[in-house]
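Undergrad: Task: produce atomic coordinates for the following.
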Amino acid sequence: MTIMFGFWGLVLGSFINAWVWRTHKGLSVAKGRSKCPSCKHPLAWYDLVPVMSYIVLRGKCRYCAGPISIAYPLVEVSTGLLFGLLYWCLVPIGLYGWAQFIILLIASVLLVASFVYDGLYMELPEKYMLPAITLGMLSLGLKALQGGWDSLIPQLAMLAVIVLAYTGLWYFSRGKWLGAGDIRLVAIMGLFLEPKALVVGLFASYILGAVYGLYVLSRSPIKRGVKVPFGPFLIIGFYIGLLYGLALANWYLGYL
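TA: Below is the predicted model of the structure:
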């Protein structure tokens, strides 16, 4: 099953590549055939096989020999590994477990697309964020059906605090410290993650973001005004919190 979900992740990674490009160009992902970004030649199905087409074509378009970005196979492989890891770590059981898992996988497609889009264009599109928020609310509703709304009070309280805090940072910095998309992304994290896991995920995202920021400064110390998208680090932090957050939090509290 892990391999099967990894395979579907590869396929969806190819879809994400096309979706991100078409979103940036203002095109519908549901209409028209895929084309080479360089020569605009329509691509055949054998040009779109995840990873394999890139290897066979040696990173060049079959029709114009223009370069194909290494980002395409990287997104495909990363999505495949993510889907396989999610199944390996979470192992859904029963109708409720599978429902939650499917919601998470659909949300993951949106989050990976957001990761790529923010990394390339410094923006978290609403067309990715708003459906992911809806899925988070649906996931929260399923939790309430299982354990009652009273069991969700700590998570809802943490969600409110984090969203208000980030909204305050956005307002007082006039959008210089973070963007509105980051607030939506934090809301998504709070909808899916329990309080301890959310804290771990946010902490991890800041550590990773700081390390990357120092790396950028070390390479370009003069360009101190260079902006770094924070969305990708929040998304990585989300999965760290989702898969390992409770274990890390309990280990740390036990250590104290």
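Undergrad: pretty sure residue 128 is in a strand, no?
TA: No. Read with DSSP: H, G, I helix; E, B strand; the rest coil, residue 128 is helix and lies in no strand.
Undergrad: Out of the helices and strands in this protein, which is least certain?
TA: The least trusted helix or strand in the chain, going by mean pLDDT, DSSP states H and E, turns out to be helix 246-255, with a mean of 80.
Undergrad: CA atoms of it as PDB?
TA: Taking only C-alpha atoms (Å, rounded to 0.1, in the frame of the first residue of the first chain), the coordinates of helix 246-255 have been written out as PDB:
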ATOM      1  CA  LEU A 246       3.200  14.800  19.500                       C
ATOM      2  CA  ALA A 247       6.200  12.500  20.000                       C
ATOM      3  CA  LEU A 248       8.700  15.400  20.000                       C
ATOM      4  CA  ALA A 249       6.500  17.500  22.400                       C
ATOM      5  CA  ASN A 250       6.100  14.600  24.800                       C
ATOM      6  CA  TRP A 251       9.800  13.800  24.700                       C
ATOM      7  CA  TYR A 252      10.700  17.400  25.400                       C
ATOM      8  CA  LEU A 253       8.200  17.800  28.200                       C
ATOM      9  CA  GLY A 254       9.400  14.500  29.700                       C
ATOM     10  CA  TYR A 255      13.000  15.700  29.400                       C
END
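Undergrad: same for that helix, what does it pack against?
TA: helix 195-219 (3 or more Cβ pairs under 8 Å, 6 or more residues apart in numbering; DSSP states H and E). Every C-beta, even on glycine, is put in place using the N, C-alpha and C of the backbone.
Undergrad: Pull out the buried positions in the helix it packs on.
TA: In terms of neighbour count (16 or more other Cβ atoms under 10 Å), helix 195-219 has its buried residues at 195-205, 208-209.
Undergrad: Quick one: mean pLDDT for the helix or strand containing residue 112?
TA: Element membership for residue 112 (DSSP states H and E) is helix 94-121. Per-region confidence: helix 94-121 scores 94 on mean pLDDT.
Undergrad: Check the secondary structure at residue 123 for me.
TA: Here residue 123 is coil, with the state taken from three-state DSSP.
Undergrad: Is it correct that it is in contact with residue 180?
TA: No. At 10.1 Å, residue 123 and residue 180 do not qualify as touching, with contact defined as Cβ atoms under 8 Å.
Undergrad: shared neighbours, the two?
TA: Here residue 123 and residue 180 have no joint contacts, going by Cβ atoms under 8 Å, 6 or more residues apart in numbering.
Undergrad: OK, contacts around residue 68?
TA: 54, 57, 59, 60, 61.
Undergrad: Output stretch 199-210 as PDB, restricted to C-alpha atoms.
TA: Extracted in PDB, the C-alpha atoms of stretch 199-210 (Å, rounded to 0.1, in the frame of the first residue of the first chain):
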ATOM      1  CA  VAL A 199       3.600  24.400  18.400                       C
ATOM      2  CA  VAL A 200       6.200  21.900  17.200                       C
ATOM      3  CA  GLY A 201       5.300  22.500  13.600                       C
ATOM      4  CA  LEU A 202       5.500  26.300  14.000                       C
ATOM      5  CA  PHE A 203       8.800  26.100  15.900                       C
ATOM      6  CA  ALA A 204      10.300  23.800  13.200                       C
ATOM      7  CA  SER A 205       9.200  26.200  10.500                       C
ATOM      8  CA  TYR A 206      10.900  29.100  12.200                       C
ATOM      9  CA  ILE A 207      14.100  27.200  12.700                       C
ATOM     10  CA  LEU A 208      14.200  26.000   9.100                       C
ATOM     11  CA  GLY A 209      13.400  29.500   7.800                       C
ATOM     12  CA  ALA A 210      16.100  31.100  10.000                       C
END
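Undergrad: Checking my notes, residue 174 in a helix, right?
TA: No. With three-state DSSP as the criterion, residue 174 is located in coil rather than a helix.
Undergrad: For it, what are phi and psi?
TA: Here the main-chain torsion angles of residue 174 (degrees, to the nearest 10) amount to phi 60, psi 40.
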